[in-house]
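>>> Any chance you can model this:
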Amino acid sequence: MAVSERPRVPPTVDLSAGGLRVVVLASRWNGAVVERLLVGARKALLELGAGEDDIEVHFVPGAFELPAAAAAAAARADVDAIVVLGCIVRGETVHFDLIAHAATAGIEAVARTSGKAIGFGVLAVDDEAQAIARTEPGPAHAGGNAARAAIEMHHVLAALRSGEGTR
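Numbers count the residues shown, from 1 in each chain. Here you go, the predicted model:
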């Protein structure tokens, strides 16, 4: 059977957070929206089996500060996954673009260089209505999705390091 003829069956995704230490980093800027992200992330982690004592939450001033906090969390041996939460709302200047880019690039660099699983829950929106829409309860909740992504990536990275994977 040629490679192109292989059946494409989605792999089973391990979303078990039981026994994992998860650090959640939340921006205080646009706090009402970030609080909604935090509620969804915490709910998702608990549903995935994380214990209350295994979820550690830290607040930073704004989205710009998330990469430095993520780097500090990633440097800890006892941290298995990190969830970053923030909200950047477009204004009348280029400040939005600068902060959105810096936060995204910085968090990506931490994920790439640290080898730690990071779930990205930083919203970059045109207005508060868009942010609220992405924090409504349900499967599209950005905080919950960031938490699930962090847990899934923890398991993916562990499988890659051990050489165990789908063949």
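>>> Could you use CA atoms for every contact and neighbour count after this?
Will do.
>>> Of all the residues in stretch 78-97, which ones are buried?
79-90, 96 (16 or more other CA atoms under 10 Å).
>>> Return the residues in contact with the residue most central in space within the chain.
Taking CA atoms, centre = their mean, the centroid of the chain lies closest to residue 119, which sits 1.7 Å from it. Listed by CA atoms under 8 Å, 6 or more residues apart in numbering, the contact set of residue 119 reads 81, 82, 83, 84, 145, 146, 147, 148, 149, 150, 151.
>>> about what we covered before: quick one: which of the buried residues of stretch 78-97 is nearest residue 23?
The nearest member of those to residue 23, counting by CA to CA, is residue 82 at 4.8 Å.
>>> what is the closest one paired to in the beta sheet?
Counting by DSSP bridges, residue 82 is bridged to residue 23, residue 118.
>>> In contact with it, which residues?
22, 23, 24, 25, 70, 73, 74, 116, 117, 118, 119, 150 are the contacts of residue 82 under CA under 8 Å, 6+ apart.
>>> can you tell me the helix or strand for the fifth one?
In this case it means residue 70. For residue 70, the element it lies in under DSSP states H and E is helix 66-74.
>>> Which residues outside that helix are in contact with it?
In contact with helix 66-74 (CA under 8 Å, 6+ apart) are residues 23, 25-27, 60, 79, 81-82, 84, 103, 106-107, 110, 114, 116.
>>> of those, closest to residue 42?
Using CA to CA, the contacts of helix 66-74 come closest to residue 42 at residue 23, 10.5 Å.
>>> And the pLDDT for residue 12?
For residue 12, the pLDDT comes out at 67.
>>> what about the closest residue to residue 55 other than its chain neighbours, neighbour count?
Distance criterion CA to CA, 6 or more residues apart in numbering; nearest residue to residue 55, sequence neighbours excluded, is residue 22 at 5.0 Å. Residue 22 has 28 neighbours, counted by other CA atoms under 10 Å.
>>> Check the one 4 residues further on too.
The tally of other residues near residue 26 (other CA under 10 Å) stands at 28.
>>> three-state assignment of it?
Secondary structure, DSSP: H, G, I helix; E, B strand; the rest coil: residue 26 is strand.
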